[in-house]
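Engineer: can't give you the sequence, but here's the structure:
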């Protein structure tokens, strides 16, 4: 029996990563220093967006996006039930209403036909926004969603936490990287340890909209600005001295630290190489499961493979079988509409059959760029020998 524990996901920290963090720890700035702006600039370049705003985590990123787009009581937003709860919760934080649409049974992504059906059942303007999720690393066709959103007057927040480096191909055969801001008003990323880029906790918002970018900067730090060009009080107040600042909105402390930013910058250096490795691992799984009782995910061009999600008929027994062999699989996710919190708003089992069918069989097996071929072979052998 294999005694080595193989998790479904994990971080990879190099000596260069450690050195980058130690350098900051020995510097004058642990937070609000130069590494934040550098990380933002380099991440924006990586995804192809105009602006990036570093924040404390992916949930904070979603919350700030909802605030920046003026979500409030009565704002209705559509998202997928197959996601981490934060994709929906950000709307509730601002007092808005969450509405779910079903997923595509093959890609597991928010189904655009289901979204259109929901939009068409209500007058134009009833819904204000859509939050598609690049689930498992598979990129949503945001060009198609942008056309739909424009038709019904909706904004888009792209939840790209699973897909840095991922992309889809548009109608002009052009590659559109997740988070590049071409079709979504805002996009968000997470740097949790199981993600492609790990900073412990941490997140990023990307956009091509300068006004939204400036609003996010304000909201990230208590709604406070020290930019004299943005002051709203009179000259007498401003003339008090160079220490003057203004709180202009009710914001939050959602800042990232400099040592986390330094780790993020260092991790970015290996992002492309690590993404190649994830795709190699996915191809090995794909080949291994051909002709078996395991349903492998669709092999989609541009997939970033944060997760590799198989479907099996007896999920619990397979989960226990893997665990008995020190393979720690996971389930992503329990449908959000079945959570007790959301059921109080009238959501119930049976409303989104594709999402529920997917949940009954889904299992995320080990996928991380430091996974060795030997360990992956053990995972494959254990799955194929399940009886």
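Structural biologist: Received it, and whenever you're ready, just let me know what you need. What you are looking at is a predicted structure, and each value in this text was computed from that prediction instead of being measured. Residues are numbered from 1 along each chain as shown.

Engineer: so where's this protein uncertain?
Structural biologist: The chain contains residues with pLDDT under 70 at 1-2.

Engineer: and it, what are its domain boundaries?
Structural biologist: 15-268, 271-384 (automatic domain parsing).

Engineer: right, and those - which one's nearest residue 7?
Structural biologist: domain 271-384 (4.8 Å; C-beta to C-beta). Every residue, glycine included, has its C-beta placed from N, CA and C.

Engineer: ok, now how distant is residue 350 from residue 118?
Structural biologist: 16 Å (C-beta to C-beta, to the nearest Å).

Engineer: quick revisit: would CSV of the domains of the chain with distance to residue 9 and mean neighbour count be doable?
Structural biologist: Converted to CSV, the domains of the chain look like this (distance: least, C-beta to C-beta, whole Å; neighbours: other C-beta atoms under 10 Å):
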stretch, distance to residue 9, mean neighbour count
domain 15-268, 3, 20
domain 271-384, 5, 17
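
Engineer: tabulate those domains (a markdown table), appending distance to residue 4.
Structural biologist: Shown next, in a markdown table, are those (distance: least, C-beta to C-beta, whole Å):
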| stretch | distance to residue 4 |
| --- | --- |
| domain 15-268 | 18 |
| domain 271-384 | 6 |
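
Engineer: which residue is nearest the centroid of this structure?
Structural biologist: residue 161 (1.6 Å; C-alpha atoms, centre = their mean).

Engineer: all helices of the stretch 51-200 of the chain, in order?
Structural biologist: If DSSP state H, counting those that start in this stretch is used as the criterion, the helices of the stretch 51-200 of the chain fall at 58-68, 86-93, 112-120, 142-152.

Engineer: what is whichever strand or helix holds residue 376 packed up against?
Structural biologist: Secondary structure assignment for residue 376, by DSSP states H and E: helix 373-384. Contact analysis of helix 373-384 by 3 or more C-beta pairs under 8 Å, 6 or more residues apart in numbering; DSSP states H and E lists strand 6-7, helix 271-289, helix 315-324, strand 327-328 as its packing neighbours.

Engineer: save these as TSV, and put in distance to residue 358 too.
Structural biologist: What follows is the helices and strands packed on helix 373-384, written out as TSV (distance: least, C-beta to C-beta, whole Å):
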stretch	distance to residue 358
strand 6-7	22
helix 271-289	17
helix 315-324	11
strand 327-328	21
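
Engineer: out of the ones you listed, which is closest to residue 196?
Structural biologist: Per C-beta to C-beta, nearest to residue 196 of these: helix 271-289, 6.3 Å.

Engineer: what's the angle between that closest one and helix 373-384?
Structural biologist: Counting by axes from the mean of the first three to the mean of the last three C-alpha atoms, to 10 degrees, helix 271-289 points 40 degrees away from the direction of helix 373-384.
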